[in-house]
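Colleague: here is the input, now give the coordinates:
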Amino acid sequence: MTTTNLIPIALKNLTRDGWLLFVTRFARLFAYGSLSVILVFYLVGLGLTEAQCGLVLSLTLAGDVVVSLLLTTQADRIGRRRMLVIGAVLMAAAGVAFASTRNLFFLIIAGTIGVISPSGNEVGPFLSIEQAALSHIVPSPTRTEVFAWYTLAGSLATALGALCAGFVTQALQHTSMTSVASYRSVVLLYAALGMLLAFLFTRLSAMVEVDAFSSGSFSKAAIGNLIGITRSRNVVLKLSSLFALDSFAGGFVVQSFAAYWFYLRFGVQPAMLGAIFFWANVFAGISALIASRLAARIGLVRTMVFTHLPSNILLILVPLMPNLSLAVLVLLLRFSISQMDVPARQSYIMAVVPPEERSAAGGFTGVARTTGAAISPLFAGFLFARPSLISVPFFLAGALKIVYDLLLYRGFVTIQPPEERDVPR
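Modeller: Numbering: from 1, shown residues only. Now for the predicted structure:
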């Protein structure tokens, strides 16, 4: 069997730029995954309270909103590569700053201006611009499957990052290194990977850019310069409001706080937490591949909703489990289906907006998600500061996500992307 035969059909015709975008996705999510496992431990080790940690995480995500909005809405006009490089530099700078100070004010400033991911998920301008670039260089019939593999690459990277951070910090703590110093080594790795990303983005070709003149409407491009969207504005705003609700719910149980919950509830140490979230993200990535096949049968919106609902019920069940083994089992079951909506959602956004508005549309919906996620960690921090309330974030997250699923189905099940029209369901 040749190496070519091992490559999925949807990826066989992927260009050099496409493969490079997969590499940048992997490197970035490895950094996010490694940081998410130790971030709250690191901040607490610096002397911050749980409530202060929640404040830092919320303001960090709020800063990511501003950065994302500024870069993604201008990416199609000024240049996707330029904006990706700027985002990577901000990511590296934030890592250096977090490793260099324990002052709460400076940590907030660094997190707000820079790009920090406390959840292990995408933040900043990268996802929106990369997906717009991928949509520009892959055929529409294979877009969802390519996005599924793109999601898998990110999930595996997040998993490996979490595993690496857990074991490396525990190994370093067995030497003469303090706990805080071991966590700081992961933060410095995060900064180094940010610089690597900046270099990789400079290697992209002009094929990932949008030529405003070839889109057939210079005037539309000119009108959309400030916000980047015109024709798709109504759809984008409706989707953005729903995604904000979903992310607000998810912000109660970002991976940093979920890891900390296992420590508070069952005394789980970073090495084991790394292993738990390694498998959680592996299962999440594998589930993304199923999503493309399911979407081909029942449609993108139905795939989003029908896979997301049961995962939210499982999220509510996690804190109800009486012991660590059952809690981990339910968590892994939840992750095994929780990301099936991701490639479907990403593909749907790219399908229902015109090509010249894809970066901005992805940016707006991404900003909406980050905005929602930025608010809830503040409340989660206060809940985690009270031992009797540490499980409440799971209940709030699950219930609000179910509301999101129902509203999404009601509002968009009849709005089909071009490739689904005239296909019986």
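
Colleague: quick one: the helices in the stretch 1-150 of the chain?
Modeller: 3-6, 9-12, 16-45, 50-78, 80-100, 104-113, 126-137, 140-173 (DSSP state H, counting those that start in this stretch).

Colleague: where along the stretch 301-425 of the chain do the helices fall?
Modeller: 324-338, 341-351, 358-384, 392-412.

Colleague: tell me which helix or strand comes right after the helix or strand of the chain with the lowest mean pLDDT.
Modeller: Ranked by mean pLDDT, DSSP states H and E, the weakest helix or strand in the chain is helix 218-223, scoring a mean of 40. Per DSSP states H and E, the first helix or strand lying C-terminal to helix 218-223 is helix 233-250.

Colleague: which residues sit against stretch 253-273?
Modeller: Stretch 253-273 is contacted from outside by 33, 36-41, 57, 118-121, 162, 165-167, 169-170, 276-277, 315, 319, 323-324, 327, 331, 373, 377, 380-381, 384, 387, 390-391, 393-394, 397, using Cβ atoms under 8 Å, 6 or more residues apart in numbering. C-beta: built from backbone N, CA, C; applies to glycine.

Colleague: L273 and S391, how far apart?
Modeller: 17 Å (Cβ to Cβ, to the nearest Å).

Colleague: higher neighbour count, the two?
Modeller: L273 (24 against 16; other Cβ atoms under 10 Å).

Colleague: any idea which helix or strand carries that one?
Modeller: Per DSSP H and E: helix 270-298 holds L273.

Colleague: picking up where we left off before, just the buried members of the contacts of stretch 253-273?
Modeller: Neighbour-count burial (16 or more other Cβ atoms under 10 Å) is assigned, among the contacts of stretch 253-273, to 33, 36-41, 57, 118-121, 162, 165-167, 169-170, 276-277, 315, 319, 327, 331, 373, 377, 380-381, 384, 390-391, 393-394, 397.

Colleague: what number of residues lie near V210?
Modeller: By other Cβ under 10 Å, the residues close to V210 number 21.

Colleague: ok, the closest residue in space to it that isn't next to it in sequence - how many residues close by?
Modeller: Closest residue to V210 apart from its sequence neighbours, by Cβ to Cβ, 6 or more residues apart in numbering: D76 at 4.7 Å. Using other Cβ under 10 Å, D76 is surrounded by 29 other residues.

Colleague: M321 too?
Modeller: 16.

Colleague: mind listing what it touches?
Modeller: A327, L329, V330.

Colleague: ok, R345 next?
Modeller: Counting by Cβ under 8 Å, 6+ apart, R345 has contacts F243, L300, M304.

Colleague: now the contacts of M321 as JSON lines including distance to T175 and pLDDT?
Modeller: Converted to JSON lines, the contacts of M321 look like this (distance: Cβ to Cβ, whole Å; pLDDT from 0 to 100):
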{"residue": "A327", "distance to T175": "31", "pLDDT": "94"}
{"residue": "L329", "distance to T175": "34", "pLDDT": "95"}
{"residue": "V330", "distance to T175": "36", "pLDDT": "95"}
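
Colleague: and these as JSON lines, adding distance to I229?
Modeller: Below are the contacts of M321 laid out as JSON lines (distance: Cβ to Cβ, whole Å):
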{"residue": "A327", "distance to I229": "42"}
{"residue": "L329", "distance to I229": "43"}
{"residue": "V330", "distance to I229": "40"}
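
Colleague: nearest to F106 among those residues?
Modeller: Nearest to F106 among those, counting by Cβ to Cβ, is A327 at 36.2 Å.

Colleague: next up, the contacts around the closest one.
Modeller: Residues in contact with A327, defined by Cβ under 8 Å, 6+ apart, are F262, R265, F266, V318, P319, M321.

Colleague: no further queries at this time; thank you.
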